[in-house]
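Novice: Generate a structure from the sequence data that follows.
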Amino acid sequence: MIKMKFYGLGGQGVVTAAKIFSTAVSLYEDKYAITVPAYGHERRGAPVYTDIVVDDRPVLINSFVYVPDVVLVMDETIVDKNVDVSIGIHEDTILVLNSDSPDVIARYEKEFGFKEIYYVNGTRIAVENIGRGIPNGSMLGALSATGVVKIESIEKAITDSFGEKAGELNAKAAREAYGKIKKL
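Specialist: Predicted structure coming up:
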């Protein structure tokens, strides 16, 4: 069983990313997943998080994730909005971070106790590929580089979710982020 938390800001596609991830593992990897979103104030720019549980067997729990194995952060500034992305992490929890700023990466390394940090500028990749700063597709590609899901499964699920034209562009962003991710 893999327990994950996705953090970001309203308008970045955090909840959509979780649904696409769940589709990818459920339809294309013969696994089971449940997604539990938490919207908060439900406005653009407000902190948003979503919890996902993935397993090889049917997922029989329907609750938030309290001890995540993987944390994905779609907006590096979320910690400046009094959101602690390290709540409940354990010694093997990994972080996937949307940033390529050395200062930001050093801050996350210093302040939080993640075992590994994967990072890429998913927003820049999104702008270059889809023309908008919505990093959900690119960050799903980054997440696949950690090994929790295959990039091909992410690409198929993105195309299923967004349709042919937007899906193709977002899948391209996912593939680019997958290829450019770095590990600290």
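
Novice: Tell me which stretches of this protein form helices.
Specialist: 14-28, 102-111, 122-130, 136-144, 151-162, 164-180 (DSSP state H).

Novice: Could you list every helix and strand in contact with the fourth one?
Specialist: Judged by 3 or more CB pairs under 8 Å, 6 or more residues apart in numbering; DSSP states H and E, the packing partners of helix 136-144 are helix 14-28, strand 70-73, strand 94-98, strand 116-120, helix 122-130, helix 151-162, helix 164-180. The C-beta positions use only the backbone N, C-alpha and C, and glycine is treated the same way.

Novice: how close does Ile181 get to Ser99?
Specialist: 12 Å (CB to CB, to the nearest Å).

Novice: now the angle between helix 14-28 and the helix or strand of the chain with the lowest mean pLDDT, please.
Specialist: In the chain, no helix or strand scores lower on mean pLDDT, DSSP states H and E than strand 32-38, which sits at a mean of 88. With axes from the mean of the first three to the mean of the last three CA atoms, to 10 degrees as the basis, strand 32-38 and helix 14-28 are set at 170 degrees to each other.

Novice: Output strand 32-38 as PDB - backbone C-alpha positions only.
Specialist: Output of strand 32-38 as PDB, limited to C-alpha atoms (Å, rounded to 0.1, in the frame of the first residue of the first chain):
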ATOM      1  CA  TYR A  32      -6.600  -0.100  -6.900                       C
ATOM      2  CA  ALA A  33      -6.800   3.500  -5.800                       C
ATOM      3  CA  ILE A  34      -9.000   5.800  -3.700                       C
ATOM      4  CA  THR A  35      -8.800   9.600  -3.800                       C
ATOM      5  CA  VAL A  36     -10.000  11.800  -0.900                       C
ATOM      6  CA  PRO A  37      -9.900  15.600  -1.800                       C
ATOM      7  CA  ALA A  38     -10.000  18.400   0.800                       C
END
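
Novice: what about Asn136, neighbour count?
Specialist: 30 (other CB atoms under 10 Å).

Novice: which residue sits closest to it, ignoring its sequence neighbours?
Specialist: In space, and not counting its chain neighbours, Asn136 is closest to Gly13: 3.0 Å by CB to CB, 6 or more residues apart in numbering.

Novice: ok, now Met1?
Specialist: Closest to Met1 by CB to CB, 6+ apart is Asp55, at 4.4 Å.

Novice: Run through the residues that contact Val120.
Specialist: Leu97, Asn98, Asp100, Ser138, Met139, Ala142, Ala177, Lys180, Ile181, Lys182 (CB atoms under 8 Å, 6 or more residues apart in numbering).

Novice: likewise Phe162?
Specialist: Gly137, Asn170.

Novice: Distance of it relative to Ile20?
Specialist: Taken as CB to CB, the span from Phe162 to Ile20 is 9 Å.

Novice: got any residues that touch both of the two?
Specialist: Gly137.

Novice: which ones are touching Pro58?
Specialist: Pro58 touches Tyr32, counting by CB under 8 Å, 6+ apart.
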